[in-house]
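Student: got a predicted structure plus its sequence, pasted below:
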Amino acid sequence: MIAKLVALHGPLMFHQSGGCCDGSAPMCYPRREFKVGAQDVYLGEIGGQPFYMGAAQFDYWQQTHLIIDVVPGRGSGFSLEAPEGVRFLTRSRVYTEAEYEELDKIGPPPTGVERQPAA
């Protein structure tokens, strides 16, 4: 799905803001149309596309390993996958002790100000 969306829209980015309903789902945007800020935490990449989470949401999820999945159905909002009849969904599991140790060595993730996506 990500490859298809990149082919249609160019470079992408994912953002999960928190809030209620679909506000807590990962949203996919054209990279040039969403500006990340100091309250956004860079968590890595999904299919080569950067993934950010709002700081308040990150506070709730930081103890878990996040899995971003694509499932049949329609979410709401402006996420690019909606017209394809699918939606992105966050699944999670609690980190293992070994994973906690690795994360402690790495330190906190950068914020959006520290890690801006390339256009």
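Tutor: Alright, I've got the coordinates.
Student: now do the buried residues in stretch 98-107.
Tutor: By 16 or more other Cβ atoms under 10 Å, stretch 98-107 has no buried positions at all. For every residue, glycine as well, the C-beta is placed using N, CA and C.
Student: now that stretch, how far from the centre of its chain.
Tutor: The chain centroid and the centroid of stretch 98-107 are separated by 20 Å, computed with Cα atoms, centre = their mean, to the nearest Å.
Student: what does that stretch contact?
Tutor: For stretch 98-107, contacts defined as Cβ atoms under 8 Å, 6 or more residues apart in numbering pick out 65, 95.
Student: remind me which residues of the chain are low pLDDT?
Tutor: For the chain, applying pLDDT under 70 flags the ranges 19-23, 76, 118-119.
Student: quick one, strands of it?
Tutor: Assigned by DSSP state E, the chain shows strands spanning 12-16, 27-30, 40-46, 49-54, 64-72, 86-94.
Student: so for residue 114, which of those sits nearest?
Tutor: Closest approach to residue 114 among these (Cβ to Cβ): strand 40-46, 7.3 Å.
Student: next up, the contacts around the closest residue in space to residue 18 that isn't next to it in sequence.
Tutor: The shortest distance from residue 18 to any non-neighbouring residue, by Cβ to Cβ, 6 or more residues apart in numbering, is to residue 57 (3.4 Å). Contact analysis of residue 57 by Cβ under 8 Å, 6+ apart lists 16, 17, 18, 24.
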